[in-house]
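Engineer: Sequence and predicted structure below; questions after.
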Amino acid sequence: MIKTYKQAKDYSYSLMQPASVSIKEMDKFISAKKYAEVLGNPQFKYPTIHIAGTSGKGSTSYFISKILNMAGYKTGLHLSPHLHSIRERAQVNNKKISKYIFVKLINEVKPLVDKLNRQLKYKITFIQFMQGFAFFYFAKKKVDIAVVETGLGGTYDGTNVLKPLISVITPIDYDHTHILGKKLEQIAQHKAGIIKKGQLAVISAKQRKSAQKILRKRVKSLKIPIYEEEKDFYIKIKRLTTRGVLFDYFEKDKKITNIFSSLVGPHQAHNAALAIKTILELKKNKYKIRNSHIKKALSDSIYYGRFEITKTNNKIIILDGAHNQHKFTALVETLMKIYPKEKFICIFSCKKNKEIEKVAKILNKKVKLLIATQFSHPTNIGPHSPLEASTIAKKLKKAKFKGSIFEIPSIKKAVLYVLTEVNKKNKILITGSFHTVSEVQNILRKYIKNNKTKPKN
């Protein structure tokens, strides 16, 4: 029997496996379905909203859950990956599961998983385990509705055991091409796999034509209405600051003005638009949600690691978990609008499966010095493990990155370098992975704590 929170975490992480099996094979998804079955299919005990896409899934999921919670609905939220705590993957009313309940439910789930893993060809992975665990927790808490972000792709993702009320597709772009395919049409096909017969609607971000064609074909075959940004609904950004973004939302016969999202960047206004349209479709189906709930929820949003601005040792530091081409483009676009004349010192660390050559071209616009380093996250193995600092530096040079490049393999030493050796006029950017951001946040907290306790001369 598991007695402590650490033991419960260790057990969960012990299920990590290298990403060696192609997502095109159904075997791993069949394992996820059997896992849900032995749990009693908890995901069918409440309505769900299912979110897939390449970028913006987490923010959009968070926005939807925040609005539903603000309107008085007990709301489950599953996010992947987590930033600081494994408990972030199972939230009710935007509060992560307590350590006590986490341990209690692990003890309920573990015997079922252990027995199942002895029978299965492909064992339940860590990500699948936490997805099913979240569904189980939501059923225990008797949520009114749950918002679920996919882990990877859609068709064969462990979350695709859902039968959602609404599917939301955020922008589709190139990422995880070693699994999802190198063509955008292939990637879109996987994302579209979460769309199922009998849904109320599909809400889609503005997509590239090839991805849009796949989504339209899918909904047409299933006779489901689709609402697309910049066709059926759109926004007008009025002001962008370091505090957030002010915008208006429009539909053919509807208008909500002066909405403020406290998540920074024009892309966050577009993520919020997807959330708003999702909520308005729920309203058509007897969900009682007012415009004031929408405005209040978005203005009160706090979602760490997404263009998060902080100040340490008199230096402005921006932390953003960008990790693919689309996310880096959004990050640099935001930097150019908020800090048009600034060039940044960047601490960069990423996973082994990332295409750094494309990242180099994007960062060239706003980074004058890049410090290549390496995060040390315990849950990542195989192609998802951290790339060595020396390899990052080599790939950047090969891609003709225009700025200076330093190698500091220890991420702690890299952070201490920018805090103590770099002129305070320089602004610092931390990016490349949510694991990078998480680790740096922990280092910054310890640095602040240690320096506050030091006696003054």
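Structural biologist: The structure has been received and is ready for your questions.
Engineer: Show the average pLDDT along stretch 170-184.
Structural biologist: On average, the pLDDT along stretch 170-184 is 83.
Engineer: What's the end-to-end length of it?
Structural biologist: Its first and final residues considered, stretch 170-184 spans 14 Å by CA to CA, to the nearest Å.
Engineer: Ok, stretch 34-53 next?
Structural biologist: 25 Å.
Engineer: Counting neighbours, what do you get for the nearest residue to residue 32 once chain neighbours are set aside?
Structural biologist: Computed as CB to CB, 6 or more residues apart in numbering, the closest residue to residue 32 that is not its neighbour in sequence is residue 158, at 3.9 Å. Using the backbone N, CA and C atoms, a C-beta is placed for each residue, glycine as well. Using other CB atoms under 10 Å, residue 158 has 26 neighbouring residues.
Engineer: On the pLDDT front, check residue 235 for me.
Structural biologist: Reading off the confidence values, residue 235 has pLDDT 98.
Engineer: May I see the buried residues of the helix or strand where it lies?
Structural biologist: Element membership for residue 235, per DSSP states H and E: strand 233-241. Neighbour counts using 16 or more other CB atoms under 10 Å place 233, 235, 240 of strand 233-241 among the buried residues.
Engineer: by contact count, what packs against that strand?
Structural biologist: In this structure, strand 233-241 packs against strand 244-251, helix 266-283, helix 325-338, with contacts taken as 3 or more CB pairs under 8 Å, 6 or more residues apart in numbering; DSSP states H and E.
Engineer: how does it look with 6 Å?
Structural biologist: strand 244-251, helix 266-283 (3 or more CB pairs under 6 Å, 6 or more residues apart in numbering; DSSP states H and E).
Engineer: Let me know which of those is the nearest to residue 121.
Structural biologist: Closest approach to residue 121 among those (CB to CB): helix 266-283, 36.8 Å.
Engineer: ok, back up a step: can you list the residues that contact the strand holding residue 235?
Structural biologist: 246-251, 266, 269, 273, 277, 337 (CB atoms under 6 Å, 6 or more residues apart in numbering).
Engineer: Helix or strand next in line after the strand or helix carrying residue 140, which one?
Structural biologist: If you go by DSSP H and E, residue 140 is part of helix 126-141. Of the helices and strands lying after helix 126-141 in sequence (DSSP H and E), the nearest is strand 145-149.
Engineer: Show the pLDDT at residue 21.
Structural biologist: 45.
Engineer: related to what we said a few turns ago, farthest pair within the contacts of strand 233-241?
Structural biologist: Largest pairwise distance in those, by CB to CB, is 25.9 Å, between 251 and 337.
Engineer: mind giving me the domain split of the chain?
Structural biologist: Domains of the chain are assigned by automatic domain parsing as 5-299, 308-451.
Engineer: Any idea which of those has the lowest pLDDT on average?
Structural biologist: domain 308-451 (a mean of 89).
Engineer: still on that earlier bit, only C-alpha atoms, please: export the strand holding residue 235 in CSV.
Structural biologist: Extracted C-alpha coordinates of strand 233-241, given in CSV (Å, rounded to 0.1, in the frame of the first residue of the first chain):
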residue,chain,number,x,y,z
PHE,A,233,-16.9,34.6,-35.2
TYR,A,234,-14.0,37.0,-34.8
ILE,A,235,-12.2,39.4,-32.5
LYS,A,236,-10.9,42.9,-32.7
ILE,A,237,-7.8,43.6,-30.5
LYS,A,238,-8.0,47.1,-29.0
ARG,A,239,-5.0,47.2,-26.7
LEU,A,240,-2.0,45.0,-25.9
THR,A,241,0.1,45.6,-22.7
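Engineer: how far does that strand sit from the chain's center?
Structural biologist: 22 Å (CA atoms, centre = their mean, to the nearest Å).
Engineer: same thing with stretch 305-317?
Structural biologist: 20 Å.
Engineer: quick one on the thing from earlier: tell me who's in contact with the residue nearest to residue 32.
Structural biologist: Here residue 158 is in contact with 32, 128, 131 (CB under 6 Å, 6+ apart).
Engineer: Would you reformat those residues as JSON lines and include neighbour count and distance to residue 439?
Structural biologist: Compiled in JSON lines, those are given as follows (neighbours: other CB atoms under 10 Å; distance: CB to CB, whole Å):
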{"residue": "32", "neighbour count": "23", "distance to residue 439": "29"}
{"residue": "128", "neighbour count": "25", "distance to residue 439": "25"}
{"residue": "131", "neighbour count": "30", "distance to residue 439": "24"}
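Engineer: Is it possible to get JSON lines of those that adds distance to residue 95?
Structural biologist: Listed next are the contacts of residue 158 as JSON lines, based on distance: CB to CB, whole Å:
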{"residue": "32", "distance to residue 95": "26"}
{"residue": "128", "distance to residue 95": "24"}
{"residue": "131", "distance to residue 95": "19"}
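Engineer: ok, of these, which one's closest to residue 217?
Structural biologist: Closest to residue 217, out of all of the contacts of residue 158 and judged by CB to CB, is residue 32, at 25.6 Å.
Engineer: does that closest one sit in a helix or strand, and which one?
Structural biologist: helix 27-38.
Engineer: Please point out which parts of that helix sit buried.
Structural biologist: Neighbour-count burial for helix 27-38 [16+ other CB under 10 Å]: 28-29, 31-32, 35-36.
Engineer: May I see those arranged in a markdown table, with distance to residue 105 as well?
Structural biologist: Listed next are the buried residues of helix 27-38 as a markdown table, based on distance: CB to CB, whole Å:
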| residue | distance to residue 105 |
| --- | --- |
| 28 | 23 |
| 29 | 23 |
| 31 | 20 |
| 32 | 18 |
| 35 | 14 |
| 36 | 15 |
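Engineer: Please name the nearest non-neighbouring residue to the residue nearest the centre of the chain.
Structural biologist: Centroid check for the chain by CA atoms, centre = their mean gives residue 58 as the closest residue, at 3.5 Å. For residue 58, ignoring the flanking residues on the chain, the nearest one in space by CB to CB, 6+ apart is residue 79 at 5.5 Å.
Engineer: hang on, the earlier thing: contacts for the helix holding residue 32 next, please.
Structural biologist: 21, 112, 116, 120-122, 124, 128, 132, 156, 158, 161.
Engineer: What is the subsequent helix or strand relative to it?
Structural biologist: strand 48-52.
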